[in-house]
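*Asks:* Predicted model follows, preceded by the sequence.
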Amino acid sequence: MNFRILPQDPLCKARSGIISTLRGEISTPVFMPIGTYGTVKAVHMCELAVDINAKVILGNAYHLYLKPGLDVLKSAGGLHKFIGWKRHMLTDSGGYQLYSLAHNRKIKDDGVTFQSHIDGSSHFISPEISVDIQRTIGADFIMAFDECTPYPCEYNYAEKSMHLTHKWLSRFKSRFLETSHVYDYPQTYIPIVQGSTYPELRKASAAYIAEQDAEANAIGGLSVGEPHEMMYEMTDIVCNILPVDKPRYLMGVGTPINILESVALGIDMFDCVIPTRNARHGLLYTPDGVINIKNEKWKFDNRPINDPPMSFIDNYCSRSYLRHLVLMSEFQAAQIASINNLVFYSWLMDQIRLHLQAGDFMEWKKIMTEKLSQRL
């Protein structure tokens, strides 16, 4: 994997760039839609590729390991072939899921024992097993096995968890280097900075991760309930330490405003369930602000969702019609709203890159932040 930084706005730490692999190029900053079970909810693969133009989508190793199972994925030739996706994929190792299922797991130095949320069966994942799982799934980018701490979190627990994440990373890295990819393309592993909301822990973890000299680095354990300003503070601290010439991935973030602020701090890669999850509840993102399509004010509004149109959806679906579909809980409502939001996120990333290269990102960011802060 290569990462090339392009000309950028000199007034902040934001940068645009290109990640190159044997599979192709990814322009950064980039937003990666979430496809936990091998599918982005309510969105077809052709829409992801053509209308949304997604360059990377995410799968979750924890969930895919449970269903459909590694035997099914291996028989298909890996997750790419199983779902018919020819572009890049990233798999999260499952650390966040094990955090969110805290009542069903036990963490020890050797790994995590957990009960399946599907049938209650018992499973064990270690750093080594996590590598093996993600080798079999076959994503282009695979995440190191870590522990994601909750918020709030006591300092002693956060420190202990950080050191455990570092120990697991050492084992994960060793297993990764002593094994080979299962399919006909290489994989890149990405280590994760932890440390909760404690600056000294974040600094220590970022320094340790930087020493690993990985091809990309991630920041985890944020966007778990802490105030946004605290998230930005931790992100800024870590970005000041992680290598400038490697992509930085802020996991689980976020809203359009979160993305704008984090790009200014030096983040290159994002993922989040917000655009599709909020879409299923009738919350739409547009360049002019946020729409709650359930509101009465849209009942007789026959304009397209975006005016002027941003995608093919705007050519046939009015706000009034989408409101009707949402209120009737029609399946097509989730499809239309999800495509709209992911098209907007794709547009937002395109605009970020354009303004970074034009040198007026900070000025444009201020205007967009004001627009995206308002409900239409």
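*Replies:* All right, it came through fine.
*Asks:* Does Met89 fall in a helix, a strand, or a coil region?
*Replies:* Assigned by DSSP: H, G, I helix; E, B strand; the rest coil, the conformation of Met89 is strand.
*Asks:* quick one, what contacts it?
*Replies:* By C-beta atoms under 8 Å, 6 or more residues apart in numbering, the residues touching Met89 are 56-59, 79-80, 138-141. In short, each C-beta sits where N, CA and C put it, glycine included.
*Asks:* Try it again at 7 Å.
*Replies:* Contacts for Met89 (C-beta atoms under 7 Å, 6 or more residues apart in numbering) come out as 56-57, 59, 79-80, 139-140.
*Asks:* Next: His166.
*Replies:* Tyr208.
*Asks:* For my notes, confirm it occurs in a helix.
*Replies:* Yes: His166 forms part of a helix when assessed by three-state DSSP.
*Asks:* right, and the helix or strand after the longest helix along the chain?
*Replies:* The longest helix of the chain (DSSP state H) is helix 331-358. Downstream of helix 331-358, the next assigned helix or strand under DSSP states H and E is helix 361-372.
*Asks:* what angle do that next one and helix 331-358 make?
*Replies:* Angle between the axes of helix 361-372 and helix 331-358 is 150 degrees (criterion: axes from the mean of the first three to the mean of the last three C-alpha atoms, to 10 degrees).
*Asks:* from the contacts of Met89, which single one is nearest Met45?
*Replies:* Among the contacts of Met89, Ile57 lies closest to Met45 (C-beta to C-beta), at 9.1 Å.
*Asks:* related to what we said a few turns ago, going by distance to Lys294, which of the contacts of Met89 wins?
*Replies:* Lowest distance from Lys294 to the contacts of Met89 (C-beta to C-beta) belongs to Ile57, with 28.1 Å.
*Asks:* Tell me the predicted confidence for the closest one.
*Replies:* Listed pLDDT for Ile57 reads 97.
*Asks:* again, but for Leu101
*Replies:* We note a pLDDT of 64 for Leu101 in this prediction.
*Asks:* all strands for the stretch 101-250 of the chain, in order.
*Replies:* Assigned by DSSP state E, counting those that start in this stretch, the stretch 101-250 of the chain shows strands spanning 105-108, 111-115, 122-125, 141-143, 188-190, 192-193, 217-219, 248-250.
*Asks:* and among the ones you listed, the most buried is which?
*Replies:* Highest mean neighbour count of these: strand 192-193, a mean of 30 (counted as mean count of other C-beta atoms under 10 Å).
*Asks:* If you count contacts, what does that one end up packed against?
*Replies:* On a contact count with 3 or more C-beta pairs under 7 Å, 6 or more residues apart in numbering; DSSP states H and E, strand 192-193 meets helix 199-211, strand 217-219.
*Asks:* can you pull the contacts of Val263?
*Replies:* Going by C-beta under 7 Å, 6+ apart, Val263 touches 14, 29, 352.
*Asks:* re the thing from before, please identify which of the strands of the stretch 101-250 of the chain is closest to Ala337.
*Replies:* Nearest to Ala337 among those is strand 248-250; the distance by C-beta to C-beta comes to 24.8 Å.
*Asks:* list the helices and strands the closest one packs on?
*Replies:* The contact analysis (3+ C-beta pairs under 7 Å, 6+ apart) places strand 248-250 against strand 217-219.
*Asks:* Pairing partners for the strand it packs on, with directions?
*Replies:* Applying DSSP bridges, strand 217-219 is found paired with strand 192-193 (parallel), strand 248-250 (parallel).
*Asks:* At which residues are the helices of the stretch 51-200 of the chain located?
*Replies:* Assigned by DSSP state H, counting those that start in this stretch, the stretch 51-200 of the chain shows helices spanning 61-64, 70-76, 79-83, 95-100, 127-137, 155-178, 199-211.
*Asks:* Output those as CSV; include the columns distance to Lys106.
*Replies:* What follows is the helices of the stretch 51-200 of the chain, written out as CSV (distance: least, C-beta to C-beta, whole Å):
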stretch, distance to Lys106
helix 61-64, 15
helix 70-76, 23
helix 79-83, 28
helix 95-100, 10
helix 127-137, 15
helix 155-178, 13
helix 199-211, 23
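*Asks:* returning to what we had before: of all the strands of the stretch 101-250 of the chain, which one comes closest to Leu284?
*Replies:* Here strand 248-250 is closest among those (C-beta to C-beta), at 23.8 Å.
*Asks:* helix or strand right after that closest one?
*Replies:* According to DSSP H and E, the helix or strand after strand 248-250 is helix 256-265.
*Asks:* Using PDB, write out every CA atom in that next one.
*Replies:* This file holds the C-alpha atoms of helix 256-265, laid out as PDB (Å, rounded to 0.1, in the frame of the first residue of the first chain):
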ATOM      1  CA  PRO A 256     -21.000  15.500   8.800                       C
ATOM      2  CA  ILE A 257     -19.800  18.200  11.200                       C
ATOM      3  CA  ASN A 258     -17.700  15.700  13.100                       C
ATOM      4  CA  ILE A 259     -16.000  14.800   9.800                       C
ATOM      5  CA  LEU A 260     -15.300  18.400   8.900                       C
ATOM      6  CA  GLU A 261     -13.800  19.100  12.300                       C
ATOM      7  CA  SER A 262     -11.700  15.900  12.200                       C
ATOM      8  CA  VAL A 263     -10.400  16.400   8.700                       C
ATOM      9  CA  ALA A 264      -9.100  19.800   9.900                       C
ATOM     10  CA  LEU A 265      -7.200  17.900  12.600                       C
END
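*Asks:* Please state the offset of that helix from the chain centre?
*Replies:* Helix 256-265 sits 14 Å away from the centroid of its parent chain (C-alpha atoms, centre = their mean, to the nearest Å).
*Asks:* That one vs helix 361-372, what angle?
*Replies:* Using the same axes, to 10 degrees: helix 256-265 against helix 361-372 is 170 degrees.
*Asks:* Would you mind listing the residues in contact with the closest residue to Pro243 other than its chain neighbours?
*Replies:* The shortest distance from Pro243 to any non-neighbouring residue, by C-beta to C-beta, 6 or more residues apart in numbering, is to Ala210 (5.8 Å). Residues in contact with Ala210, defined by C-beta under 7 Å, 6+ apart, are 241-243.
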